[in-house]
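Colleague: any chance you could fold what I've pasted below:
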Amino acid sequence: MRTRAVAGLLLGAALLAGCGGTATDVAPPPAPAAAPAAAVTTAAQAAPAGVVRLAGDVCEPRDLQVAELAALPQQTVAVQYQSGQGPQSHTETGVLLADLLPPDALATTDRHNDLLAFGVLAVGADGYAALVAYGEVSPQFGNRGILLATAEDGQPLERPQLVVPGDVRGGRYVHDVVELRVVRVG
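Modeller: I've put the predicted structure just below:
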């Protein structure tokens, strides 16, 4: 247990490196509301196997190995949702996005509730992508328990998947995640 806590602290420190700059009253230019499909596909194809890229409006973009994700504090949740193949029921285990992307890891300004202007776009190896609002991720707001799962039904996954507990349909469950792109949407 202590090893996982230390691993979590080390990852948090790495993500926060370089974030100590002074916030300004000027917001960065807004990012496009949606990434073009070609950009999503290119990013997905460029990712090496076993790696998840943290990119976009973060203080320190970096690549995470699946083994690094599995070494972080894990949460397990039972989920049920509708899919194209019918009802699904699984037990998912992984890292909370709130732990992987704490507020200090985002390139925020000093604007009131600036965290609410961000989203996290999960991109799969096949180019499929889904966006979750950072307000859903954040313990200070929605606290939905959104995971980057590294195991499903007790079996390790080759690549992680985005898990959005409480969604009625599984459309935001992104399999084989190769990139988590933080975007400013407001």
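Colleague: and the helices in the protein?
Modeller: In the chain, the helices defined using DSSP state H lie at 2-16, 37-46, 66-71, 97-100, 134-137.
Colleague: which of those has the lowest average pLDDT?
Modeller: Per-stretch mean pLDDT for those is lowest at helix 2-16 (a mean of 44).
Colleague: and V163, how far is that from V58?
Modeller: Distance of V163 to V58, given as Cβ to Cβ, to the nearest Å: 21 Å. C-beta: built from backbone N, CA, C; applies to glycine.
Colleague: so for Y81, what's the pLDDT?
Modeller: pLDDT, Y81: 96.
Colleague: show me the contacts for the nearest residue to it once chain neighbours are set aside.
Modeller: Closest residue in space to Y81, ignoring its immediate chain neighbours: G170 at 4.3 Å, by Cβ to Cβ, 6 or more residues apart in numbering. When the contact criterion is Cβ atoms under 8 Å, 6 or more residues apart in numbering, the partners of G170 are Y81, Q82, S83, Q88.
Colleague: so which of these wins on neighbours?
Modeller: Y81 (19 neighbours; other Cβ atoms under 10 Å).
Colleague: correct me, but that residue touches Y173?
Modeller: Yes: Y81 lies in contact with Y173 (Cβ atoms under 8 Å); the separation is 7.1 Å.
Colleague: mind listing the shared neighbours of these two?
Modeller: Common contacts of Y81 and Y173 (Cβ under 8 Å, 6+ apart): D167.
Colleague: residue ranges with poor pLDDT in this protein?
Modeller: Low-confidence segments of the chain (pLDDT under 70): 1-47, 186.
Colleague: ok, 90 please
Modeller: By pLDDT under 90, the weakly predicted segments of the chain are 1-50, 66-67, 70-71, 107, 109-110, 115, 185-186.
Colleague: which strand is the longest one in it?
Modeller: strand 86-96 (DSSP state E).
Colleague: can you name every helix or strand that that one contacts?
Modeller: strand 75-83, strand 147-152, strand 155-163 (3 or more Cβ pairs under 8 Å, 6 or more residues apart in numbering; DSSP states H and E).
Colleague: please identify the most buried of those.
Modeller: Most buried of the helices and strands packed on strand 86-96 by mean neighbour count (mean count of other Cβ atoms under 10 Å) is strand 147-152; its value is a mean of 23.
Colleague: quick one: that one to strand 86-96, angle?
Modeller: Angle of strand 147-152 versus strand 86-96, following axes from the mean of the first three to the mean of the last three Cα atoms, to 10 degrees, is 110 degrees.
Colleague: by contact count, what packs against strand 147-152?
Modeller: Right, strand 147-152 is packed against helix 66-71, strand 86-96, helix 97-100, strand 155-163 by 3+ Cβ pairs under 8 Å, 6+ apart.
Colleague: gap between it and the chain center?
Modeller: 11 Å (Cα atoms, centre = their mean, to the nearest Å).
Colleague: which neighbours does it have in its sheet, and in what orientation?
Modeller: According to DSSP bridges, strand 147-152 forms sheet pairs with strand 86-96 (antiparallel), strand 155-163 (antiparallel).
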